[in-house]
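1. Here is my input; please provide its structure:
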Amino acid sequence: MNIVRDSDVVELDGPPAFSYGEKVRSRKMVRNDGTFLGREIGETLVEKGDEGYVVSIGTFVQQFYIYGVEFVSRGYRVGMKARELESLEAVTGMVQS
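-> As a prediction, this is how the structure comes out:
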């Protein structure tokens, strides 16, 4: 079995997985690792299933795209990796077809 580690992945070789303004859903719970000011380390920032919109696309260690997702119901923006998100627009598009 081949295990893919973060160190083996270079997302920047391709286009971003999500677009500006795209509606997304969190695939996992995200806790503060100390980089989110005003919240305690370990405090839950995003629950699995929370929905938001991609408002920025940046990079991290010249390897990953980081998506700034505005979670309107929570009132703040959280940086997340592609593997932590799923598009709701793709789901919606499939339902409407």
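
2. what's in contact with the strand ranked longest in the chain?
-> Taking DSSP state E as the assignment, the strand of the chain that covers the most residues is strand 51-60. Contacts made with strand 51-60 from outside it, assessed by CB atoms under 8 Å, 6 or more residues apart in numbering, are listed as 12, 16, 18-26, 65-73, 77-79, 88. All C-beta spots, glycine's among them, are computed from the backbone N, C-alpha and C.

3. In strands, which of the residues you listed fall?
-> Filtering these for membership in strands, criterion DSSP E, returns 23-26, 65-71, 77-79.

4. which regions of this protein sit below the pLDDT cut-off?
-> Along the chain, segments meeting pLDDT under 70 span 1-8, 90-97.

5. Stretch 25-36: end-to-end distance?
-> Across its full length, stretch 25-36 reaches 20 Å end to end, with CA to CA, to the nearest Å as the criterion.

6. Tell me the buried residues in it?
-> Neighbour-count burial for stretch 25-36, with 16 or more other CB atoms under 10 Å as criterion, is recorded at 26, 30, 32, 36.

7. Report the central residue of the protein.
-> Closest to where the C-alpha atoms of the chain average out (CA atoms, centre = their mean) is residue 80, at 3.2 Å.

8. that older thread, give the pairing partners of the longest strand of the chain; include direction for each.
-> When pairs are called by DSSP bridges, strand 51-60 turns out to pair with strand 23-26 (antiparallel), strand 64-71 (antiparallel).

9. ok, back up a step: which one of the ones in strands among the contacts of strand 51-60 is nearest to residue 48?
-> Nearest to residue 48 among these is residue 26, at 5.8 Å by CB to CB.
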